[in-house]
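In: test case, fold it:
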Amino acid sequence: MIQLLFTLLAAEAALVLVLLFRTPARRLALLAVDCSKRGRGPVMARTVAATMFVVLGSSGYSIAKIRRREGEFAQLTPTDQVLASRHLLEASLMGYSLFLGLIIDRLHHYIRQLRAMKKNMEAVTKQSRVLEETKLGDSEEIQGYQKKIDSLNEQVNNLKVCLLSMSV
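Out: As a prediction, this is how the structure comes out:
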């Protein structure tokens, strides 16, 4: 059991490291975690986690029972010391494993959120660029119309002056 827990702990730690740093393996790890979160994966993961939590509680209870068995002033026998240390090792490995499982879940969630936010940010910046370009195009168009209006006003003024000079 202890070797299985050590293997599980090493695999989870490796997965956390792969998820933390941007490497080519990160995409594959994200794909694997995505696949495990589909279908019956979450139910199975919760079942395994609940079982590990129950076994963790059982190990803790066994440690407490061994400590109570000897009394306050008596020393633990070597056999009890070995059993208590074995239960303590199993309990700590299971606790670390459950903790790393939680970290993997949260890292996956945050990476997905970050990816979605980046896509939204790119869409918003693209849309703002398009709006700025249309504003610049509109302002240039407005300036062109303003020049035409000014030239037409000058022509009207010139015609008024010509009409006034003819009528006098």
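In: give me the low-pLDDT residue ranges for the protein?
Out: Within the chain, the ranges that satisfy pLDDT under 70 run 70-74, 137, 168.
In: hmm, 90 instead?
Out: 1-2, 22-23, 31-49, 63-81, 83-84, 125, 127-148, 150-168 (pLDDT under 90).
In: spatially central residue in it, please.
Out: Tyr110 (1.0 Å; Cα atoms, centre = their mean).
In: ok, now how distant is it from Lys65?
Out: 41 Å (Cβ to Cβ, to the nearest Å). (C-beta placed from N, C-alpha, C; glycine too.)
In: longest helix in this protein, by number of residues?
Out: Determined from DSSP state H, the single longest helix within the chain is helix 78-167.
In: packing partners for that one?
Out: Helices and strands touching helix 78-167, by 3 or more Cβ pairs under 8 Å, 6 or more residues apart in numbering; DSSP states H and E, are helix 2-20, helix 24-36, helix 41-69.
In: assign a three-state SS to Leu76, would you?
Out: What DSSP: H, G, I helix; E, B strand; the rest coil gives for Leu76 is coil.
In: let's number from 6 now, not from 1
Out: Got it, first residue is 6 now, which makes that one Leu81.
In: now it: phi and psi?
Out: Note on Leu81: backbone dihedrals following degrees, to the nearest 10 are phi -70, psi 140.
In: before we move on, what about Phe26?
Out: Residue torsions, per degrees, to the nearest 10, at Phe26 are phi -110, psi 140.
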